[in-house]
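In: Got a predicted model here, sequence first, then my questions.
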Amino acid sequence: MKSYPFLFWAYNVVWLGLAAYVALLVARLGRLDRRLDALESELRARDARDPRSGRA
Amino acid sequence: MIPVGFARAAWIVAAKDLRLEWRTWETLSSTLVFSLTVVVVFQFAFGLGTVRELGAARLVPGVIWTVVAFAAVVGMLRSLQLERARDTLGALFLCPVDRGAVYVGKAFANLVKLSLLQALLLPLTAVLFGHVLLPILVPLGLVCLVHGIGLTELGTLFAAVTTRLGRGEALLAVLLFPAASPLLISAVKCTAAALAGEPLATVSRWMLLSAGLDALYLLVGLATFEFVLEE
Amino acid sequence: MRRAVRALTLPLWALATLAMPLALWAAFLLAPEERVMGAAQKIFYFHVPAALVTYAAVAVLLAASIGYLWTRDRRWDNLSRSATEVGLLFCTLVLVTGPIWARPAWGTWWTWEARLTTTLLLWLLLLGCLMVRGYADDRDLGARLASIVGIVAALDIPIIHKAVVWWRGQHPVVFAPDKSESLAPGMAAALAVCTAAFFVLFALLLLLRYRVAALDERLHAAAEAARGREEIR
């Protein structure tokens, strides 16, 4: 039937839109995780150098 | 320190803005010239043939309110940017008055300026587009007032938000126009009715909607303006 | 609170994984094919639930905005931010699937039909909310201002809808089958299944976005604290 292409594209738009957003979120989570790791290691290194730093 | 009541505080703020305008005519002159320019652009955009064919009654309401909407964005933003330039926004926040009074004062001043603009714009469109003005002055004036109130209420709130962000007309337009769309739709409908010589009773539901919106936007503005001013 | 949020993620994800094939089954196999519009009518089974989810997102946005202004608890702002983004996503889906359905149904990509016009205005309002957040340098300021814009936007939506319906005049140009002509039972069931699936998806995306926002904030706070300790030294 002639309207199948429209159906096909509509559903694809929905899938791809949702998938793109999930990919975006996953990428952000990864970036945040890396920053957290970097921050933690930096704090560890700093504390190792200067153990006198007052822990809050 | 004498505690200042709500109405008095609002009046002081409004009077300050209006006095500034009276001395410089800055807002009115720039918005009027801007409006005139946009009206001319419309004439070119539609072309003489289209304008003649459609007639003033169908064309002018849309033109007027488009022009007013854009001029309102320019004018209302300016009134708040002045505060930002002189760093008085913070001072306004420190004032021991109800922040809502500051909001009402600013919105009222904006309303007066907008109404002045409309008062000058309508004769202009009457001449340029050839529609009647004097016989319909009262209904037209009422339409402009009721819708102008809502537009300035929303506009003042969003202009304050835009100014706090350090942004300009583009953001204010993006925020204001969708939010004010019911008002603008109603304004065009009511103006069209007035221009066609119909009594306002025929568009009573639009007028009532707008009056209701005026009340709603006032409440929202009163409730939230202090959060905009907060440091 | 954090543990509760984290604990919900996997079950929701599992539910969504089950729900979406179920939705596809409902739309393609359960629902009968419509006589006039044929296959393209089935877009309806994703278009309408997406619209319903958008309205739900706006409701969450309203509640979270008021919550933030009331309590100044950042968690409300994280929820508000998430609802804005997810709402904008589903609103975009509505605006894209709508024209794709309109084209075979009415021969034109866009009509200024009441619901579609309202959705377009809603899309602009949600975008405005995000822009306000984006332009703010200070998180607190951005949260406050976005809450205000969010409240106005949410309260405006029913009014915009009413105004646009009046503006359109009396034509009963309805996108979805009118209430007066009842849906065939297969269609109604399919719509219900798809709506439920979409709401599960909505909950999942909202939760994930919230977690990202919360994590972002913790990171920000930790970085600030680390900087503070460095300065004290």
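Out: Arrived safely, thanks for sending. Residues are numbered from 1 along each chain as shown, chains lettered A, B, ... in the order given.
In: how deep is residue 18 tucked in, by neighbour count?
Out: Let's take chain A. Here the number of neighbours of residue A:18 (other CB atoms under 10 Å in any protein chain shown) works out to 20. Bear in mind the C-beta positions are built from the backbone N, C-alpha and C, glycine included.
In: Actually, chain B is the one I wanted.
Out: Residues within reach of residue B:18, counting by other CB under 10 Å, total 16.
In: if I look at it, how far off is residue B:109?
Out: Using CB to CB, to the nearest Å, residue B:18 is found at 5 Å from residue B:109.
In: In contact with residue B:78, which residues are there?
Out: Going by CB atoms under 8 Å, 6 or more residues apart in numbering or on different chains, residue B:78 touches B:26-27, B:30.
In: what's the answer for residue A:17, then?
Out: If a contact means CB under 8 Å, 6+ apart, then residue A:17 has C:89, C:92-93, C:96 as its contacts.
In: Try it again at 6 Å.
Out: For residue A:17, the contact set (CB atoms under 6 Å, 6 or more residues apart in numbering or on different chains) comprises residue C:93.
In: now do residue C:195
Out: Contacts for residue C:195 (CB under 6 Å, 6+ apart) come out as C:49, C:52.
In: What strand or helix carries it?
Out: Element membership for residue C:195, per DSSP states H and E: helix C:185-232.
In: any idea how far that helix is from the chain center?
Out: 13 Å (CA atoms, centre = their mean, to the nearest Å).
In: Likewise for stretch B:59-72?
Out: Stretch B:59-72 sits 11 Å away from the centroid of its parent chain (CA atoms, centre = their mean).
In: I'd say residue C:16 and residue C:199 touch.
Out: No. Residue C:16 lies out of contact with residue C:199 (CB atoms under 6 Å); the separation is 10.0 Å.
In: So these two - more neighbours on which side?
Out: Neighbours per residue (other CB under 10 Å) separate residue C:16 from residue C:199, with residue C:16 holding more: 18 against 15.
In: mind checking how far that one is from residue B:173?
Out: Using CB to CB, residue C:16 is found at 38 Å from residue B:173.
In: now do residue B:53
Out: For residue B:53, the distance to residue B:173 - CB to CB - is 30 Å.
In: Could you check the pLDDT of residue C:169?
Out: Looking at residue C:169, its pLDDT reads 69.
In: How about residue A:54?
Out: pLDDT, residue A:54: 52.
In: from chain B, which residue is nearest to chain A?
Out: residue B:178 (21.8 Å; CB to the nearest CB).
In: quick one: contacts for that residue?
Out: Applying CB under 6 Å, 6+ apart to residue B:178 gives the contacts C:121, C:124-125.
In: make it 10 Å
Out: B:184, C:120-128, C:153, C:156, C:160 (CB atoms under 10 Å, 6 or more residues apart in numbering or on different chains).
In: That one in helix, strand or coil?
Out: Put simply, residue B:178 is helix when judged by DSSP: H, G, I helix; E, B strand; the rest coil.
In: Count the residues that sit near the nearest residue to it once chain neighbours are set aside.
Out: Spatial nearest neighbour of residue B:178, excluding adjacent residues (CB to CB, 6 or more residues apart in numbering or on different chains): residue C:124 at 4.2 Å. Neighbours of residue C:124 under the rule other CB under 10 Å: 17.
In: Show the pLDDT at residue C:124.
Out: Turning to residue C:124, the model gives it a pLDDT of 95.
In: I'd say it and residue B:179 touch.
Out: Yes. With contact defined as CB atoms under 10 Å, residue C:124 reaches residue B:179; the gap is 9.0 Å.
In: Now for those two: what residues contact both?
Out: By CB under 10 Å, 6+ apart, residue C:124 and residue B:179 have these common neighbours: residue C:153.
In: What strand or helix carries the residue in chain A that chain B sits nearest to?
Out: Chain A approaches chain B most closely through residue A:17 (21.8 Å), counting by CB to the nearest CB. In the assignment (DSSP H and E), residue A:17 maps to helix A:4-49.
In: Counting neighbours, which bits of the host helix or strand of residue B:118 end up buried?
Out: In the assignment (DSSP H and E), residue B:118 maps to helix B:99-129. By neighbour count with 16 or more other CB atoms under 10 Å in any protein chain shown, helix B:99-129 contains the buried residues B:99-118, B:121-122, B:125-126, B:128-129.
In: how near is the closest residue to chain C within chain A to residue B:35?
Out: Taking CB to the nearest CB, chain C has its nearest neighbour within chain A at residue A:3, 3.5 Å off. For residue A:3, the distance to residue B:35 (CB to CB) stands at 48 Å.
In: Neighbour count for those two, which is higher?
Out: residue B:35 (24 against 18).
In: Show the contacting residues for residue C:18.
Out: Each residue near residue C:18 by CB under 10 Å, 6+ apart is listed here: C:197, C:200.
In: ok, residues contacting stretch B:91-105?
Out: Residues outside stretch B:91-105 that contact it (CB under 10 Å, 6+ apart) are B:1, B:3-18, B:83, B:89, B:106, B:153, B:156-157, B:160, B:218-219, B:221-231.
In: average pLDDT across the helix holding residue C:195?
Out: 87.
In: got the angle for that helix vs helix A:4-49?
Out: With axes from the mean of the first three to the mean of the last three CA atoms, to 10 degrees applied, the angle from helix C:185-232 to helix A:4-49 works out at 20 degrees.
In: what's around the residue of chain C found nearest chain B, how many residues?
Out: As assessed by CB to the nearest CB, chain B sits closest to residue C:163 within chain C, at 3.5 Å. Residue C:163 sits with 26 neighbouring residues when counted by other CB under 10 Å.
In: Over to the one 3 residues further on?
Out: When neighbours are counted by other CB under 10 Å, residue C:166 registers 17.
In: Look at residue 17 and report its pLDDT.
Out: Since you didn't name a chain, this refers to chain A. We have a pLDDT of 89 for residue A:17.
In: wrong one, I was asking about chain C
Out: At residue C:17, the model reports a pLDDT of 85.
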